[in-house]
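In: Got a sequence here, can you model it:
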Amino acid sequence: MDLHRHLGAHTLAGDRTGFLVWAPQANKVEVVLVDQDRRILLDRNGEGYFLAVVERCGAGERYMFSVNGGEPRCDPASRYQPLGVHGPSEIINESFQWSDQDWQPPKAESLVIYELHVGAFTEKGSFLSAIDRLDELVELGITAIEMMPLAESAGRWNWGYDGVGFFAPNHNYGSPYDLKMLVDAAHQKGLAVIVDVVYNHFGPEGNYLGEFAPYFSTKHATPWGDAPNFDDAQFGVDVRRFFISNAIYWLDEYHIDGLRVDAVHCTRDDSPVHIIAEMNEQIHGWSKASKRKTILIAESNVYDPEMTQLLNDGGIGFDAMWCDDFLHSVFATVRPGEQLSNRTYYPNTDLSQTLSQGYVYEGSLSQLHFRSDPTRFGPGSRQRVQSNELVYSIQNHDFIGNHPLAKRLHQLTSHETQRAAAALLLLSPAIPMLFMGEEFASENPFLFFVDFGDEAMRKQVVEGRHREYPQHDWSAGTLPIEPMAFESSKIGPRDQGDMQTWDWYRSLIQLRKAWCESGLLCDANLETEYRPENNVFALRYCRDDTVASVVTRFSPSVLDSTAAFGSPVPISPIGEMIYDSRPGASAPDGLLLNHAKVYIQNGSSRNSVVGEFGGQGI
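Out: The predicted structure is shown next:
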């Protein structure tokens, strides 16, 4: 469980450093101290690991490993790559004065997640500059930030899913010390920190791990790079140890609160116990021993009940999983005929099914996905999956970046549409997640970007995008290898966005928290309704003498702020209207196109539940 504390290079007392590297097929391994032009032969133990304690070697020293006299390469478990994936590793001072000793992350029902890319979150694109924007998120009501992958990858910019330095925070964002500063600052402000990790493939450039050991599978493949050799009879055990130690490393060394595990369904492993289940079991053990709660979230593509099933019951042991069905069913409703997924979603009915049962598609690690039977959970039924095990969003990095022009929801539809969708998102019992800039309707895109140095690889990236998403016309888009793809993806300052949208989001999050604290917002109190004759969707929570209703109406029409709102559809709400996404429109007793209203009856007093925007809209 503590292999991460020994792999790589670790400083010791007396200006010494201990080195440990796995190279089971090597005859000799040397550590090359670059600044001293010195080579030290490592000793081999009986398990294929090479180790040594080197004198006159401390923090700041740069080093590489040479296997069997070959070209020196960076450490597979390097903590810092200041010159990138092709350069030497740097020994770091791992000490840090934490101030979060009493910190514990929020429970699942209290999570409001904000997904961000460190490089595009601020103009400087660094760990330290991200600290300066945390107060904005606290004011908004966010309780957790989820950073896209941090592992070192090739080039000056990357989404993060091409990592090869799994233990090294990307040097483009700053130093390991800077990352600890960000996490510590987030905890002081009441924000949990989740990191996206990628264990289903290795990045294609700077991937030297195969020169050390059989890390790559010979029987499994992925579209993105080599698959890890998790199920090899001889070497699989140590490959698994490497990745499991990496997962615990982020939690232990950086006080990260949780992991979002990328594309679990694409993590190939034919072992009796899947690598992800073993990893989660080890994390649960570490969490119990360290008395630190962890948040484990799966990206599973479709609903898979095994993901959140307890390990003792034969499950995978996640706390929650991404559920893209909500996002895609909303989009199918407001832009029918357009698909941002390789799965087919139908307008209205799929959204109704998602609201009533929680999802549309289901599958498992070993099965292809399939559409679930909607007759099992009819409209208004309380039979649904546990909502706080699902993460909903209406935008994320894939939704935006996999569109040729990387347009955001309000650009593909309207501000009104986004606000109406946000009402369902933020007042659903599922865990809501925003994507950076969504809260103020940033006009900047979030394009897919990479900065590979190899020309053939750059060409493959462009061709791969066209092949993976053939439904789009890519001729007008910015190429992912162009610098503009990254530079134009920075979200910009909040005051350049739409403050009416920001106020709407803040108000809904405030209301969500109040409903959660009172016990109102939960599956047990939820009823759903869909009126196909006028595209009205409703969530209704009933508890004791309190009834709260969220009513929305969608239209596929693209509307801007000057467009006609259409004729209102009459509704029969229960109680007093406390929020209106279109307060200036003349529809006191009905819903316009792409419109949301929130009503409450009895229960808590209006002021204590609603806050400063109650009844006035925004």
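
In: which SS state does Tyr345 fall under?
Out: On the three-state scheme (DSSP: H, G, I helix; E, B strand; the rest coil), Tyr345 is labelled coil.

In: ok, the residue lying closest to it once chain neighbours are set aside - contacts?
Out: Distance criterion Cβ to Cβ, 6 or more residues apart in numbering; nearest residue to Tyr345, sequence neighbours excluded, is Ala332 at 3.9 Å. C-beta coordinates here come from the backbone N, C-alpha and C atoms, glycine included. Contacts for Ala332 were tallied using Cβ atoms under 8 Å, 6 or more residues apart in numbering; they are Glu338, Gln339, Tyr345, Tyr346, Pro347, Asp350, Leu351.

In: of those, buried ones?
Out: Buried members of these, counted by 16 or more other Cβ atoms under 10 Å: Gln339, Tyr345, Pro347, Asp350, Leu351.

In: want to throw those into JSON lines with distance to Ile481?
Out: Listed next are the buried ones among the contacts of Ala332 as JSON lines, based on distance: Cβ to Cβ, whole Å:
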{"residue": "Gln339", "distance to Ile481": "25"}
{"residue": "Tyr345", "distance to Ile481": "31"}
{"residue": "Pro347", "distance to Ile481": "36"}
{"residue": "Asp350", "distance to Ile481": "35"}
{"residue": "Leu351", "distance to Ile481": "36"}
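
In: Just the pLDDT for Ser475.
Out: You'll see Ser475 listed with a pLDDT of 68.

In: Got the confidence number for Phe167?
Out: Note on Phe167: pLDDT of 99.

In: Phi first, then psi, for it.
Out: Dihedral pair for Phe167: phi -100, psi 0, per degrees, to the nearest 10.

In: do you know how far it is from Phe230?
Out: 18 Å (Cβ to Cβ, to the nearest Å).

In: and the protein, what are its domains?
Out: As recorded under automatic domain parsing, the domains making up the chain are 111-150+157-196+241-512, 526-610.

In: ok, Pro532 - contacts?
Out: Asn348, Thr349.

In: Distance check, it against Trp98.
Out: Look at Pro532 and Trp98: by Cβ to Cβ, they are 54 Å apart.

In: now Met499
Out: 36 Å.

In: With Ile578 instead?
Out: Ile578 sits 41 Å away from Trp98, going by Cβ to Cβ.

In: same question, Asp252
Out: 12 Å.

In: Quick one: mean pLDDT for stretch 479-488?
Out: Average pLDDT, stretch 479-488: 94.

In: Could you give the separation of it from the chain centroid?
Out: Chain-centre distance of stretch 479-488: 22 Å, with Cα atoms, centre = their mean, to the nearest Å.

In: If you count neighbours, what's buried in that stretch?
Out: Using 16+ other Cβ under 10 Å as the test for burial, stretch 479-488 gives Leu479, Pro480, Ile481, Ala485, Phe486, Ser488.

In: Let's see which of these end up in helices.
Out: Ala485, Phe486 (DSSP state H).

In: Distance to Asn68 for the buried residues of stretch 479-488 - can I get that in TSV?
Out: Formatted as TSV, these follow (distance: Cβ to Cβ, whole Å):
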residue	distance to Asn68
Leu479	40
Pro480	37
Ile481	35
Ala485	40
Phe486	38
Ser488	46
